[in-house]
Every structure is written in structure tokens, then in C-alpha cells.
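Student: Structure for the following, please:
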Amino acid sequence: MKYYIGIDNGVSGSIGVVSSDPDFKPLLVQTPVFSQQNYTKAKANINRIDTKKLKEILLPFSENCFLLIERPMVNPTRFKATTSALRALEASLIIIEELNIPFSYIDSKEWQKALLPSGLKGKELKTASIDIGCRLFPHLSDIIKKQKDADGILIAEYGKRQGF
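Tutor: I've put the predicted structure just below:
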């Protein structure tokens with residue numbers, strides 16, 4: 001049995017797991033995070049990846065698996081979002097490497113092109129992610145609707161379909 005793990009990078013992302021075993025029940029969880037005081041002078045909090053919980057999520061699947069992690073959004077005009085995405089990526093990579101999980105980066109457009117209808121933009125992509133996720137994984141419908149997308153599990157499904 002092989003596991004395919006998809007990580008929708010970021011502190012508001014998700015982690016999906018599917019398998020080549022038809023009896024395996026696919027899994028979708030929100031990326032574990034915690035909040036702490038920001039490192040700047042301004043009084044504010046930031047969300048960070050809870051690496052201990054991330055490791056607990058990935059460990060049971062770390063043997064005979066392949067992981068796809070979405071490439072972070074890097075946009076100089078969106079400094080805070082870019083910084084958050086890059087911090088989340090680094091924290092995730094540390095755990096992935098610690099568990100010796102083979103992985104590759106994926107651009108959102110690549111898996112979206114394969115699994116979502118063409119011509120969608122903005123909020124339409126999130127709506128389609130929910131619709132397709134609920135259709136492919138009906139037992140996860142409540143989780144998908146609560147998280148407001150199915151990106152993590154759709155990335156995992158893309159990896160499985162591509163035979164990574």
C-alpha cells in the first residue's frame with residue numbers, strides 16, 4: 001500500500017492523505033497551528049505551524065508514501081502573506097525531512113487544471129474545490145465545508161492519479 005499526502009501550504013491550509021489501497025479511508029485535517037506574539041514592535045499575534053502535531057499527523061503514513069506540497073505564494077506587494085507562507089513552508093519542510101518523506105513541490109495551477117473545471121478564478125476556485133472534494137470524498141463533506149476548501153486532499157489525489 002502506498003500513501004499520497006497533499007499539503008496545502010500555509011497556516012490556513014490543510015493536509016490530505018489518500019492511498020492506493022481501496023479500503024483506506026482518505027483523511028483531511030486542517031494544518032495544526034498555534035498563535036503567539038509577533039516578533040515585530042507592533043502588538044500583534046502570528047500563527048505558526050505546530051510542528052509537534054504536524055509530525056504526529058504525518059508519522060503513521062511516512063513509510064511508503066509520497067508527499068506533494070503546494071509552492072508558497074511569493075508576492076512582494078503582499079509582504080505579510082508572503083512571510084507567513086514562507087515560514088509555514090520552512091516549518092513543514094523540517095518535519096518532512098526529519099521523517100525522511102520523499103516530496104516535491106507543486107504549483108496550484110497544475111493540480112487545479114487536472115481536477116477543477118477550467119476558466120475559474122478567485123472565489124470560484126474555492127467553491128469548485130469544495131464541490132469536487134465533496135463529490136470525490138463524500139465522507140469528508142462536513143470537514144471540507146468547515147475548512148472552506150478541499151485543497152489538501154485534492155493535491156493528494158492528484159499525486160495518486162499521476163503515480164508519484
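
Student: What residues sit buried inside the longest helix seen in the chain?
Tutor: When the chain is scanned for its longest helix (criterion: DSSP state H), the result is helix 79-98. Neighbour-count burial for helix 79-98 flags Ser84, Ala85, Arg87, Ala88, Leu89, Ala91, Ser92, Ile95, Ile96 (criterion: 16 or more other C-beta atoms under 10 Å). Bear in mind the C-beta positions are built from the backbone N, C-alpha and C, glycine included.

Student: Mean confidence (pLDDT) on that helix, please.
Tutor: Averaged across helix 79-98, the pLDDT comes to 91.

Student: and if you look at stretch 33-47?
Tutor: Average pLDDT, stretch 33-47: 78.

Student: Over to that stretch now: how far is its first residue from its last?
Tutor: 6 Å (C-alpha to C-alpha, to the nearest Å).

Student: quick one on the thing from earlier: between the buried residues of helix 79-98, which is closest to Asn64?
Tutor: Proximity of the buried residues of helix 79-98 to Asn64 (C-beta to C-beta) peaks at Ile96, which lies at 15.1 Å.
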